[in-house]
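**Q** make a model of this:
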Amino acid sequence: MHSPPPGTGPVSPAAHHQAPDGPPSAPADPGEAPGSRGVRDEGAVPATGPRARAAAVLREAPDARDLGAAPDPGEAPAPGDAPAHADAPGDAPAHADAPGDAPAHADAPGDAPAHADGEAPDMREVVGRDDILLVTLDTLRYDVARRLAAEGRIPHLAAHLPGGAWERRHAPGSFTYASHQAMFAGFLPTPASPGPHPRLFAARFAGSESTAERTWVFDTPDLVSGLAEAGYRTVCVGGVGFFNRRDALGSVLPGMFQEAHWKPSFGVASPTSFEEQVACAEEVVARLSVGRRLFLFVNVSALHQPNWFHAPGASAADGDSVETHAAALEYVDRHIGRLFDAMRSRRRCFAVVCSDHGTAYGDGGYTGHRLAHDAVWTVPYAHFFLEQDAPAPPPATAGAPR
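**A** Numbers count the residues shown, from 1 in each chain. You can find the predicted model right below:
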């Protein structure tokens, strides 16, 4: 196993004060009543929307309810606590990195420029013609993704990256719930360069400076319902706790979709989470009518803490580190080709693959996410087409032209 960079050593599971990303992915309560929101098998679950839908196609669940986000009970400081931002006399600035830490946004040779694939596709032509895939590699750090692509350690992903490299972008949120609410409103990660930057998708909104001629504009509250109104079957394959549908908060994001899937083996504690998510996605694609367009969303949980079990020979006592995070991305790469093949099997597919936020492993003294650090805000991003008739590109190898 590779040695972690300075300031990013192993972190014990108990040390992840900021890392838990929503409701825990706990096994189902054996006493849970049939028909409750908990999902205990891999069958399709009609989603209950987070808001009343104007489109009848979204009203598949008879008990649709408004599942507003609950306040985080852990946010309020206890009486007498010092403000969270107050520094003690002589403290280093909160953003100071540990000695030897590389800035998370530093570019290495071979990084993709902000618009690696040239002008963005005309999404007015894509929507209605192609299937659409959105994959969020939950918690994936940009520096780790960039390094593994450059070292030839994620050949199946790198084969599809424009120029063989990830684009450096800024996340719309610092944790899963916030970031996905933004992305589902059309605010994908933003290029890490001065803008404004035209967006692929946008709700109709007066005064928007990032809605351009080639942007697909929808008139619903979110992208998911907008695509449903455009005739797409919308399907969610969830991963982290915010998609587990075990309570009101864990039902908001999957409740946007016509069909939602989650079970404990898709969650953060499962060493086989992604291959099981891919198997679920393959079943979704196989049973959908060829004439129906598909918007498939997959939230990949494998990168999220705990991830120590993806490193050969590691144990729970070793804890998580940048290198176990990297091993988790290698695990995802070994199986993502099946997902791409499934999505190209029916027609051409437009794919967006990105992180929703990064996470800290001791960077500048920080651990986890839901905090403001470059390791959290800087994320990898790519979009590309999966052509139906073209064979899958050969996996990229270290040192090969990209």
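
**Q** report pLDDT for the closest residue to residue 140 other than its chain neighbours.
**A** Distances taken as CB to CB, 6 or more residues apart in numbering place residue 355 nearest to residue 140, at 3.9 Å, with adjacent residues excluded. (Glycine included, C-beta is placed from N, CA and C.) Per-residue pLDDT puts residue 355 at 98.

**Q** burial measure for residue 355, as a count.
**A** By the criterion of other CB atoms under 10 Å, residue 355 has 28 neighbours.

**Q** that one against residue 145, yeah?
**A** Yes. Judged on CB atoms under 8 Å, residue 355 makes contact with residue 145 at a distance of 7.3 Å.

**Q** mutual contacts of those two, please.
**A** Shared contacts of residue 355 and residue 145, defined by CB atoms under 8 Å, 6 or more residues apart in numbering, comprise 137, 380.

**Q** which residues of the stretch 201-350 of the chain fall in strands?
**A** Ranges of strands within the stretch 201-350 of the chain are 201-203, 216-218, 232-237, 259-261, 293-300, 349-354, based on DSSP state E, counting those that start in this stretch.

**Q** including distance to residue 362 and mean neighbour count, could these go into CSV?
**A** Formatted as CSV, the strands of the stretch 201-350 of the chain follow (distance: least, CB to CB, whole Å; neighbours: other CB atoms under 10 Å):
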stretch, distance to residue 362, mean neighbour count
strand 201-203, 36, 21
strand 216-218, 41, 21
strand 232-237, 32, 24
strand 259-261, 35, 23
strand 293-300, 23, 25
strand 349-354, 24, 22
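
**Q** and residue 138, which of these is closest to it?
**A** Closest to residue 138 of those, according to CB to CB: strand 293-300, at 5.7 Å.

**Q** ok, longest helix in this protein?
**A** helix 322-344 (DSSP state H).

**Q** now do it and strand 293-300, the angle between them.
**A** If you take axes from the mean of the first three to the mean of the last three CA atoms, to 10 degrees, helix 322-344 sits at 170 degrees to strand 293-300.

**Q** for helix 322-344, buried residues please.
**A** The neighbour-count check on helix 322-344 (16 or more other CB atoms under 10 Å) flags 322-329, 331-333, 335-340, 342-344 as buried.

**Q** what's in contact with whichever strand or helix holds residue 132?
**A** Using DSSP states H and E, residue 132 maps to strand 131-137. By CB under 8 Å, 6+ apart, the surrounding residues in contact with strand 131-137 are 126, 145, 179-180, 183, 227, 232, 293-300, 303, 329, 332, 336, 339, 343, 346-356, 380, 386.

**Q** for residue 202, see how far away the nearest residue to residue 235 once chain neighbours are set aside is.
**A** Leaving aside its chain neighbours, residue 235 sits nearest to residue 259 (4.6 Å; criterion: CB to CB, 6+ apart). For residue 259, the distance to residue 202 (CB to CB, to the nearest Å) stands at 25 Å.

**Q** now do the contacts for residue 299.
**A** Neighbours of residue 299 in contact, by CB under 8 Å, 6+ apart: 136, 138, 176, 180, 236, 237, 238, 239, 240, 243.

**Q** count the neighbours of the residue nearest to it when sequence neighbours are not counted for me.
**A** Spatial nearest neighbour of residue 299, chain neighbours left out: residue 239 (4.0 Å); criterion: CB to CB, 6+ apart. Residue 239: 29 surrounding residues under other CB under 10 Å.

**Q** phi and psi next, for residue 239.
**A** Dihedral angles of residue 239 (phi, psi; degrees, to the nearest 10) stand at phi -130, psi -80.

**Q** and it, what does it touch?
**A** Residue 239 touches 138, 262, 266-268, 273, 277, 298-302, 304, counting by CB under 8 Å, 6+ apart.

**Q** for it, give me the pLDDT.
**A** pLDDT, residue 239: 97.

**Q** can you check the one 10 residues further on too?
**A** Residue 249 is assigned a predicted lDDT (pLDDT) of 97.

**Q** quick check: the residue nearest to residue 235 touching residue 238?
**A** No. In this structure, residue 259 is not within contact of residue 238 by CB under 8 Å, at 11.2 Å.
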